[in-house]
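Trainee: I'd like to go over a predicted model; first the sequence, then the structure.
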Amino acid sequence: MRELAGLKKIGILGGTFDPIHMGHLLLAQWALEEAQLEAVVFMPTGMPYFKRDQGVLRGELRLRMVELAIQGREEFFASDMEILREGNTYTYETLEAMRERWPEAELTFIEGADCLDSIDRWKNVRRIFQNCTLLAAAREGASMEHLEKRKRELEERYSARIRLMPFPRLEISSTLVRRRAAQGRSIAYLVPEQVRRYIEENRLYQ
Ligand code: NAP
């Protein structure tokens, strides 16, 4: 990822991406604008320990779909950092590795706001907040009161920097895409066209 050198504001969208879908891409686009980022790095997880028993597709295939999905967008990057790392994937390790490689950049970790309820159970959460601002997408209809409360708690406990971003409620999920593909139903418009073709040609979820 040599092209990231010299950039000052980098977003990281971490995900299993099994597969990447339009919701992820819209999240990256809105985050780019909201936080005035220069780039968003899509970071497919290695083997997520919290999904170990769920038959997640091999890292190289999930990464390939991310690469296809972001083709032609110069602000979007795909990283193999987590899929190449041995063992469980922990976000604090990724952020520390990014910080070491691009010390001049301010890092923003992008996630759905659901993670505000679980992030303090993630490994070494303090080290996550030391290295990034968290940009959390608050879906329409979510309780803003609850999210603001969690934001304040995390900010106080970990000196975290958290930004809530209003986001539309799109009922698109990787689970929905996998289920439809397995049923032989169309996944057009749920995923980018190149990703649809790749999934169908390789019968990934059949
Ligand atoms: P995922 O299912 O592939 O989704 C990636 C992100 O996109 C999530 O934040 C998800 O938010 C969001 N998203 C998906 N569909 C969306 C939609 N339709 N509208 C808006 N947002 C949408 O990824 P994941 O398996 O949850 O993993 C997320 C990240 O958390 C990964 O980087 C993983 O390594 C990290 N994580 C780290 C630890 C740790 O370090 N111990 C533990 C757990 C997770 P929602 O989750 O709100 O749907």
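Mentor: Happy to help now that I have it.

Trainee: could I get the full set of helices for this structure?
Mentor: Under the criterion DSSP state H, the chain carries helices at the ranges 22-34, 59-70, 81-84, 91-101, 125-131, 144-158, 174-182, 193-201.

Trainee: name the residues of this structure found near the ligand, please.
Mentor: Within the chain, the positions near the ligand by C-beta under 6 Å from any ligand atom are 14-17, 23-24, 27, 45, 48, 50, 89-91, 111-112, 114-115, 122-123, 137, 167, 170, 172-174. Yep, even glycine has a C-beta here, placed from its N, CA and C like the rest.

Trainee: picking up where we left off before, using TSV, lay out the helices of the chain together with mean pLDDT and mean neighbour count.
Mentor: Below are these laid out as TSV (pLDDT from 0 to 100; neighbours: other C-beta atoms under 10 Å):
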stretch	mean pLDDT	mean neighbour count
helix 22-34	98	19
helix 59-70	97	21
helix 81-84	96	17
helix 91-101	97	18
helix 125-131	98	18
helix 144-158	98	15
helix 174-182	98	17
helix 193-201	98	17
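
Trainee: just put those helices in CSV and tack on distance to Leu4.
Mentor: Conversion of those to CSV gives the following (distance: least, C-beta to C-beta, whole Å):
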stretch, distance to Leu4
helix 22-34, 14
helix 59-70, 14
helix 81-84, 11
helix 91-101, 8
helix 125-131, 15
helix 144-158, 26
helix 174-182, 26
helix 193-201, 23
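
Trainee: compare the ones you listed and give me the one nearest Gly6.
Mentor: Across these, Gly6 has its closest neighbour in helix 91-101 (12.2 Å, C-beta to C-beta).

Trainee: quick one: furthest residue from the center of this structure?
Mentor: Gly184 (27.0 Å; C-alpha atoms, centre = their mean).

Trainee: quick check: nearest residue in space to it, chain neighbours excluded?
Mentor: Sequence neighbours aside, Gln206 is the residue nearest to Gly184 in space, at 7.7 Å (criterion: C-beta to C-beta, 6 or more residues apart in numbering).

Trainee: surely the one you found and Arg179 touch.
Mentor: No. Under the criterion of C-beta atoms under 8 Å, Gln206 is not in contact with Arg179, lying 11.6 Å apart.

Trainee: any residues touching stretch 123-132, and which ones?
Mentor: Counting contacts by C-beta atoms under 8 Å, 6 or more residues apart in numbering, the residues outside stretch 123-132 that touch it are 12, 90-92, 95-96, 98-99, 107-109, 119, 122, 134, 154, 158-161.

Trainee: likewise for stretch 192-200?
Mentor: Applying C-beta under 8 Å, 6+ apart, the external contacts of stretch 192-200 come out as 19-22, 25, 64-65, 68-69, 71, 177, 181, 187-188, 190-191, 204-205.

Trainee: how far does that stretch sit from the chain's center?
Mentor: 19 Å (C-alpha atoms, centre = their mean, to the nearest Å).

Trainee: ok, stretch 9-23 next?
Mentor: 3 Å.

Trainee: buried stuff in that stretch?
Mentor: Taking 16 or more other C-beta atoms under 10 Å as the neighbour-count basis, stretch 9-23 is seen to contain the buried residues 10-23.

Trainee: pull the CA atoms of that stretch into CSV?
Mentor: Presented in CSV, the C-alpha positions along stretch 9-23 are these (Å, rounded to 0.1, in the frame of the first residue of the first chain):
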residue,chain,number,x,y,z
LYS,A,9,-6.2,11.3,7.2
ILE,A,10,-6.7,7.7,6.7
GLY,A,11,-9.9,5.7,7.5
ILE,A,12,-9.9,2.0,8.1
LEU,A,13,-13.1,-0.1,7.5
GLY,A,14,-12.6,-3.4,9.2
GLY,A,15,-14.9,-6.2,8.4
THR,A,16,-15.2,-9.9,7.6
PHE,A,17,-16.6,-8.9,4.2
ASP,A,18,-18.0,-12.4,3.6
PRO,A,19,-18.9,-10.9,1.1
ILE,A,20,-18.5,-7.2,0.8
HIS,A,21,-21.8,-5.5,-0.2
MET,A,22,-23.3,-2.1,-1.0
GLY,A,23,-23.9,-1.3,2.7
